[in-house]
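*Asks:* Sharing a model prediction with you, sequence too.
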Amino acid sequence: MTTPITRDDVRRLMADESAQLVEVLPVAEYEDEHLPGAINLPLKEIGDRAPHLDTAKPVIVYCYDYT
Amino acid sequence: MSPRAAARLAALGFTDVYDYVAGKADWGSAGLPLEGAEGSETRAGAFARPDVPRFEPREALQTVRRRVTGTGFDTCFVVDADGVVLGRLGRTALASDADVLVDEAMTEGPSTVRPSARLAEVVERMQRQNLSGLPVTTSDGRLVGLLTRADAERALARL
């Protein structure tokens, strides 16, 4: 179950619940600009690299916009 | 893309997954910081002058004229109590000796750019439209500052 959230929710989850912030765009786009505290986990690599995430903490994913 | 990523994580057993669907476009346009090689420090918001004069709509134009004189600015903005831009007073309005209120003299709804706008695009627009500057506002309309064309061109040359 995935919950859509706003930027205020992002800030709250980061501050209060130590959420893991994940940009799912390719590495070049992440290197250009990303939210503070975000790690890069490109969509195509999620299956291989998701084990690096902590299942006990919330995960917030984002890309550029709604597309 | 992020909904697919969220679905993948859920399928992999993550139970507490959130999707910030509006993404970094929304984050940057709200004036919040972005890190990276082309992060916030390279964007329009970083070069906007936050000290551009701003006034409330019910102030007298002549009071505003006096207060703008000597600030180094030849334009100022009219904002509401939340800092949302309502209008702009340009050189012509600020040269007028009319006994009116600011909201009668201002140009309503001036063109704006977001803090996350790329400098190259803003400069190109200013040059194409022969603008001396553009107000930088967040996505909810709050004034960040004035980006002058001279500042933008100078900053772009150094990037």
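*Replies:* In hand now; what should we look at? Residues are numbered from 1 along each chain as shown, chains lettered A, B, ... in the order given.

*Asks:* Report the contact partners of the spatially most central residue of chain B.
*Replies:* Central residue of chain B (CA atoms, centre = their mean): B:V136, 1.2 Å from the mean position. By CB atoms under 8 Å, 6 or more residues apart in numbering or on different chains, the residues touching B:V136 are B:44-45, B:48, B:112-115, B:117, B:143-147. To be clear about C-beta, it is placed using only N, CA and C from the backbone, and glycine gets the same treatment.

*Asks:* State the pLDDT value of it.
*Replies:* You'll see B:V136 listed with a pLDDT of 98.

*Asks:* So what sits opposite it in the bridge?
*Replies:* B:V113, B:G145 (DSSP bridges).

*Asks:* any idea how far it is from B:F47?
*Replies:* Separation of B:V136 from B:F47 (CB to CB, to the nearest Å): 9 Å.

*Asks:* anything in contact with each of the two?
*Replies:* Joint contacts of B:V136 and B:F47 (CB under 8 Å, 6+ apart) are B:L147.

*Asks:* which residues in chain A form strands?
*Replies:* Ranges of strands within chain A are A:2-4, A:20-23, A:39-40, A:59-62, based on DSSP state E.

*Asks:* Would you mind writing the CA trace of the lengthiest helix in chain A as CSV?
*Replies:* Scanning chain A for the longest helix, with DSSP state H as the assignment, gives helix A:7-17. The C-alpha trace of helix A:7-17 is given here as CSV (Å, rounded to 0.1, in the frame of the first residue of the first chain):
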residue,chain,number,x,y,z
ARG,A,7,6.1,18.3,0.5
ASP,A,8,5.0,19.1,4.0
ASP,A,9,4.5,15.4,4.7
VAL,A,10,8.0,14.8,3.4
ARG,A,11,9.5,17.3,5.8
ARG,A,12,7.5,15.9,8.7
LEU,A,13,8.4,12.2,7.9
MET,A,14,12.1,13.1,7.6
ALA,A,15,12.2,15.0,10.9
ASP,A,16,9.9,12.9,13.0
GLU,A,17,10.2,9.4,11.7
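
*Asks:* now that helix: mean pLDDT?
*Replies:* Mean predicted lDDT for helix A:7-17 stands at 96.

*Asks:* chain center to it, what's the gap?
*Replies:* Remark: helix A:7-17 is offset 12 Å from the chain centroid, using CA atoms, centre = their mean, to the nearest Å.

*Asks:* Next, the contact list for B:A155, please.
*Replies:* B:46-47, B:119.

*Asks:* how about 6 Å then?
*Replies:* Going by CB atoms under 6 Å, 6 or more residues apart in numbering or on different chains, B:A155 touches B:47, B:119.

*Asks:* Give me the neighbour count for B:L89.
*Replies:* 24 (other CB atoms under 10 Å in any protein chain shown).

*Asks:* Show me what the longest helix of chain A is packed against.
*Replies:* If contacts are counted by 3 or more CB pairs under 6 Å, 6 or more residues apart in numbering or on different chains; DSSP states H and E, helix A:7-17 sits against no helix or strand.

*Asks:* Please name the residues that touch B:S40.
*Replies:* B:33-34, B:46.

*Asks:* And those residues, which is closest to chain A?
*Replies:* Checking these against chain A by CB to the nearest CB gives B:L34 as the nearest, at 4.3 Å.
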